[in-house]
Structures are given as C-alpha cells and as structure tokens.
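S.K.: structure, please.
(chains A and B)
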Amino acid sequence: MKNQYYKFSIVTFFIFIFLIFYYGLKQKNFYTPEDISIKTLPNLFLKDFYTNNETSFNDILIDSNYYLINIWASWCLPCREEHTYLVQLKKNSPIKIIGINYKDKKDNALKFLDEFENPYFTILNDKNGTASIEIGAYGVPESLILNKEKKIIKKIIGPIDKKKFNEIKKLLKK
Amino acid sequence: MKIKLIISIFFLFFTFFNSSISDELKLENKINKNLRCLICQGQSIYDSQSDFAESMKLVVKQKINSGMSEEEIYSFFKMQYGEWILYDPQFNTKNFALWLLPIVIFLVGGIIILAKFGVLKKR
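M.R.: Okay, here's the model as predicted:
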C-alpha cells in the first residue's frame, strides 16, 4: 500500500514538472506588451531630419487612414533588407511612411537614402534614442502601424520580410 | 584657528552640496537597477551599455528631472514594454506557483519531519 502511494506521488510529481516545462518552454520568449491595440502614440516633439525644425507626431499624422512608423539607421544591416519592402509599400499602397532616424550620422543617412531610395514621407531625428524608448521600441529596425485614430494596430520588431510584408498588405485591405 | 574654521566651513558646504546631488543620482541608479535591459541577457539597464540601455537611462533621467516619481516611472515602462521589464514582478495568475511553492514545500516538509519524529502522534 505504502509502495503504491510512493509510485503515485512520484508519477504526479514528474507530470507536474513536465507540464510546467511544456507550457513554459512553448511560450514565446520575446516579450511584447499584450494590450498593444489599445495604445495610442504619445505626442512627442522631434526634430525634422532635413530642416531641423521641431515637429510633433500630431503635425505629421494627418490625412491618411494608415501610418507606418519605421525606426531605421544607416549602420543597421537588416534595415537594408527591409528597405525594398518599404519602397514597394510606398509605391503600391496608400500608407504614409514616417521614418525615425535612430542614433545616426546625417551624412551616412543621406548616403543610405541616395543608394536605396527614400520611401519616407517625413523623417524625424532621434539622436540619442530616447524617442524610440518613449514609443516602446526595442531597437532598429522596428515598425509600428497606426490606424486613423493613431492607435497602434501592429508592431513589427525586427526587419520587414516577405511574410510580414504580406501581413501588412492584408491589414491595409481591410 | 581661523584657517581651521574656514576649512571646516568649506567641508560642511562641500558635503552638503555633494549629498544633495548624490540623492538624485541614488534614485536614478536605483530605478536603473530595477529595470531590465530587454535585449540583453540577464542584465539591468544599469549594468548594460547597449544602445537600448543607454537610451533607457537617458529617458529615466529625463523623467526624474520632469518630476515623475519612482512609481510613475515604473508604470510608464510597464505600460510600454510589459511587466517583464520590472525586476520585481507583481503576484498574478501566471507566477502564483513561484510565489507559493516555497511556502507549500516548507509546510509539507515541516509536517513530514514532525511526523517522522513522532511529535504529531504524541499529542
């Protein structure tokens, strides 16, 4: 009787541990805030990349149903890969693309845009990276898609690839 | 005598000035130590020198200067990045086992020990 009790408790113990690991390891280990759809973009004041005049998101985010805010830098390799998709998005869809130039040198950024085309409606300057933190970004590249009400409806951490590009297109067709 | 007085006044002034600065710095460091660098492995932003952590530190500094309290700063980052960014997570449905398991093990272990020594039976 006692023996059986031991066996039973050992088996339940291992099942318990197995379940914890099973669910624990199956979870995505990259954390993104869950209630992203509720969030609106804070109205930050940033300097324009070309003119150096101070502008806010409220001044820029007008006259479109969808906006894409893309954080990029000329020193970031994955940004080069995603750039072609941004150019395609600009040509083929009504989305307004706004760039945030992250911790970059102006000369290098200009060279980058010369080489790969400029898909951005406006580019804002984020010299010390604080603006990217304020909008909840992890680094470069990163993209936020906003709707008319400036609510974040999609967040893409890392470069836009073919799969994510198609997801964005689907989202815009809705 | 006079020189001693001047020196002591100087030191008094210096320590007062110094401590008022370090209070702010202490708060900043405390907050930095409690925020996780999300793109590093097991480091707080205080420990890390990655781009992300450096920018976070700047934001913390700005928030302190703008008069936000420690709690407000934590809740700001929690809202932006989720609870994972805090090193001191709140008790919730996902982590209740972690909080309760040590207590349960302690109690069960205690009962087993007491039962082994026959303390429970005697009473």
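
S.K.: which one is the closest residue to chain A within chain B nearest to, not counting chain neighbours?
M.R.: Among all residues of chain B, residue B:55 sits closest to chain A, at 3.2 Å; criterion: C-beta to the nearest C-beta. All C-beta atoms are positioned from the backbone trio N, CA, C, and that covers glycine. The spatially closest residue to residue B:55, leaving aside those adjacent along the chain, is residue A:129, at 3.2 Å (C-beta to C-beta, 6 or more residues apart in numbering or on different chains).

S.K.: wait, what's in contact with the one you found?
M.R.: Contacts of residue A:129 were listed using C-beta atoms under 8 Å, 6 or more residues apart in numbering or on different chains, and they are A:102-103, B:51-52, B:54-55, B:58.

S.K.: near chain A, which residues of chain B? Just list them.
M.R.: When proximity is defined as C-beta under 8 Å from any C-beta of the partner chain, chain B approaches chain A at B:38-39, B:51-52, B:54-56, B:58-59, B:62, B:79-82, B:84, B:97.

S.K.: quick one: the strands in chain B?
M.R.: Counting by DSSP state E, one finds no strands in chain B.

S.K.: and it, what are its domain boundaries?
M.R.: When chain B is parsed with automatic domain parsing, its domains come out as B:2-89, B:91-123.

S.K.: A helix includes residue A:20, no?
M.R.: Yes. Residue A:20: assigned to a helix according to DSSP: H, G, I helix; E, B strand; the rest coil.

S.K.: what about it, how many residues close to it?
M.R.: Neighbour count for residue A:20, taken as other C-beta atoms under 10 Å in any protein chain shown: 11.

S.K.: check what pLDDT the closest residue to it other than its chain neighbours gets.
M.R.: Leaving aside its chain neighbours, residue A:20 sits nearest to residue B:97 (7.6 Å; criterion: C-beta to C-beta, 6+ apart). Residue B:97 is assigned a predicted lDDT (pLDDT) of 84.

S.K.: what is the burial count for residue B:97?
M.R.: Look at residue B:97: counted by other C-beta under 10 Å, it has 11 neighbours.

S.K.: same question for the one 3 residues further on.
M.R.: If you count neighbours by other C-beta under 10 Å, residue B:100 ends up with 11.

S.K.: and the pLDDT for it?
M.R.: So, for residue B:100, pLDDT stands at 90.

S.K.: test my guess that the residue of chain B closest to chain A contacts residue A:132.
M.R.: Yes. If you go by C-beta atoms under 8 Å, residue B:55 and residue A:132 touch, sitting 6.6 Å apart.

S.K.: hey, which helix or strand in chain B has the poorest pLDDT?
M.R.: Ranked by mean pLDDT, DSSP states H and E, the weakest helix or strand in chain B is helix B:119-122, scoring a mean of 66.
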